[in-house]
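In: Here is my input, please return the structure:
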Amino acid sequence: MEWSEQVDESSFTRKTEYWHQLPDGRVQCDVCPRACKLHEGQRGLCFVRGREDNQILLYSYGKSSGFCVDPIEKKPLNHFLPGTPVLSFGTAGCNLACKFCQNWDMSKSRQMDVLSSKAMPRQLADTAKRLQCRSIAFTYNDPVIFLEYAIDTAVACHEMGLKSVAVSAGYIEEKPREVFFRHMDAANIDLKSFNQDFYWKICGGHLQHVLDTLLYLKHETAVWFEITTLLISGENDSDTELHALSEWVYSHLGPDTPIHFTAFHPDWKMRDIHRTPAVTLMRARKIAMQTGLRFVYTGNVHDSVGGSTYCPSCDKLLIERDWYSLGEWNVLVDQYSFQAHCSHCHARIAGIFENAPGSWGAKRQVIRIIPD
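Out: Have a look, this model is predicted:
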């Protein structure tokens, strides 16, 4: 069945697949590990998936909190089409309950009127192509909860030669995970901590489900992925935890897996904790690199060294970054294999690169899409 046959464009709802009926009459949503069990008329914790007519519907299909063209480095992805523009959008709601949420006005919203922008998948693909974006990103809140909208948009984009990017916490069940990432070309997975107590007490979730997603991406897909860990002073930034996290990534995902340590700012329900100092990010970067990880970055601070890419073989500068703007470029890309190499020593560099970097820079362009 075509997606258009499953969508009610007048109410912006879409039928979904991942649910089942329970013996007690409730319907369980099977998209994420929360497994919300719903009576008629109830919504799940994410708020955008709910029970109606004895099935689970998605209520945010074709509706967004807004559209922007961003640099791909802002997702953050440093090894995926560097310098290119990406059309970014999200919806409302989230399937985690992070007390430190940096996008809480959207992800914690229980008011559907924040979704004032409207666009169907084909319109999004057309717009991205017209604006000369190389990809589209499902971001700002987690695309897992608007999985069908994201997949349908990814399909429309692929038909036009555009890539699809998921910015996600990776909190998803096995079957929908397989289908979702089948349509993604790149992902940034938010590994919020390497401590189960942190995940449960601060995020309302479980660490192992996120690790399972990372293992799946590494060993079962060709999706290019990078990891982001937001460091919060006194919560997930101890040397012990940073060593454990880095060693797990090195052992299970490999030394070429890029990881971004980014700075927290006081927000949502954790306004009493001060902003993460740059020295904490630099310490985390040093620990990860000493563990053997080759591409470790700092984010949300002005740190050109921590934001730039260096050759793991000869240590020379490959890609210079100042915030989201690219400077010096010392990457050679084979025109046939598209494999990237250091221009100094010719060592292979992991990632998805093109012959030349994009020139979008640090611009952020808010756009409006006029519905058909």
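
In: can we go C-alpha only for contacts and neighbour counts from here?
Out: OK.

In: For residue 366, which non-adjacent residue is closest in space?
Out: Spatial nearest neighbour of residue 366, excluding adjacent residues (CA to CA, 6 or more residues apart in numbering): residue 68 at 4.3 Å.

In: how about the one you found, secondary structure?
Out: Secondary structure, DSSP: H, G, I helix; E, B strand; the rest coil: residue 68 is strand.

In: For burial, what's the neighbour tally of it?
Out: 17 (other CA atoms under 10 Å).

In: do the same with the one 5 residues further on
Out: In terms of burial, residue 73 registers 24 neighbours under the definition other CA under 10 Å.

In: I'd say it and residue 83 touch.
Out: Yes. Residue 73 is within contact range of residue 83, at 7.2 Å (criterion: CA atoms under 8 Å).

In: where does residue 49 fall, phi/psi-wise?
Out: The phi/psi pair for residue 49 (degrees, to the nearest 10) reads phi -120, psi 130.

In: again but with residue 285, I slipped
Out: phi -60, psi -40.

In: can you pull the contacts of residue 119?
Out: 62-64, 369-371 (CA atoms under 8 Å, 6 or more residues apart in numbering).

In: do that again at 6 Å, thanks
Out: By CA atoms under 6 Å, 6 or more residues apart in numbering, the residues touching residue 119 are 62, 371.

In: per-residue confidence at it?
Out: Looking at residue 119, its pLDDT stands at 92.

In: distance of it from residue 188?
Out: Noted for residue 119: a distance of 24 Å to residue 188, by CA to CA, to the nearest Å.

In: for residue 179, same thing?
Out: When distance is defined by CA to CA, residue 179 is 17 Å away from residue 188.

In: more crowded one of these two?
Out: residue 188 (23 against 13).

In: Quick check: that one is in a helix.
Out: No. Assessed with three-state DSSP, residue 188 is strand; it does not lie in a helix.

In: wait, isn't it in contact with residue 223?
Out: No. The criterion here is CA atoms under 6 Å, and residue 188 misses it with residue 223 at 10.2 Å.

In: which of the residues in stretch 16-35 are buried?
Out: Using 16 or more other CA atoms under 10 Å as the test for burial, stretch 16-35 gives 16, 19, 26-32, 34.

In: For the top strand by length along the chain, which outside residues touch it?
Out: Using DSSP state E, we find that the single longest strand of the chain is strand 224-231. Outside strand 224-231, the residues that touch it by CA under 6 Å, 6+ apart are 186-192, 237, 258-264.
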